[in-house]
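Student: My questions are about this predicted structure, shown below with the sequence.
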Amino acid sequence: MTIKNEGKLVFPGDNIGNVEEYLPGDNVTEESGKLIALKVGSVSEDPRDLRVSVNTAKKKLVPRPEDIVYGQIIKGDKGRFTVAIGAFRPRHSKEIYTTKLESTLKIESRRDEVSSPVRVGDYIRGKLFLSRYGMDLSISGPNLGVLLAKCQRCRQELVLENGTLKCKNCDLTEHRKIAEDYGKIDLNGKEF
């Protein structure tokens, strides 16, 4: 005995069978001898327990090119940094979604540049783009760059003073490519 709607997409209120054949399972209710879907999803049957259910497998959102991402630099070597991305905002949205993935931030080195625009441990906001190696990050732009950094010497949080990052604990000054809103991480209550 098979149900006529097996694998089909159903919506709340759709009739998917009779209680004479099956019992209601997940996301299914019984009304007047009929099995009615409670959620959007695909119909599945369990012939062993004689139950019919609606599977609501949600599509997982993943970052795409041009999306803004938030992450922490976890590894760096010769201008290539690995960034653990914890949140992203799609290009045409104001909503921020959590995620767990890694990407690469490549910094072009300049001979006269003494310090790197980012360091391991920095929290950054970047923009994804497609490269021949996969999905990479860029921090070019006024609202992109380091959001939070710590002192190399004593690991205290660096404070922005007159365009320079300074440690209040040991007076060390450091240079980074900072975002316009450095020190004001707001992810709508979400941690990354």
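Tutor: On my side now, so go ahead.
Student: tell me the contacts of residue 68?
Tutor: 88, 89, 91, 125, 126, 127, 144 (Cβ atoms under 8 Å, 6 or more residues apart in numbering). C-beta: built from backbone N, CA, C; applies to glycine.
Student: Tell me how far the nearest residue to residue 13 once chain neighbours are set aside lies from residue 15.
Tutor: Spatial nearest neighbour of residue 13, excluding adjacent residues (Cβ to Cβ, 6 or more residues apart in numbering): residue 36 at 6.3 Å. According to Cβ to Cβ, to the nearest Å, residue 36 and residue 15 sit 6 Å apart.
Student: now residue 136
Tutor: Applying Cβ to Cβ, the value for residue 136 to residue 15 is 50 Å.
Student: and if you look at residue 48?
Tutor: Distance of residue 48 to residue 15, given as Cβ to Cβ: 23 Å.
Student: now do residue 117
Tutor: 61 Å.
Student: Those two: who's more crowded?
Tutor: Neighbours of residue 117 and residue 15, each counted by other Cβ atoms under 10 Å, are more numerous for residue 117; the result is 19 against 12.
Student: Is that one within a helix or a strand, and which one?
Tutor: Taking DSSP states H and E as the definition, one finds residue 117 inside no helix or strand.
Student: Model confidence for the residue nearest to residue 13, exactly?
Tutor: pLDDT recorded at residue 36 is 92.
Student: which residues touch it?
Tutor: By Cβ under 8 Å, 6+ apart, the contact set of residue 36 is 13, 14, 15, 16, 28, 29, 30.
Student: Identify the residues contacting the fifth one.
Tutor: By that I understand residue 28. With the criterion set at Cβ under 8 Å, 6+ apart, residue 28 makes contact with 16, 35, 36, 37, 38, 52, 53, 54.
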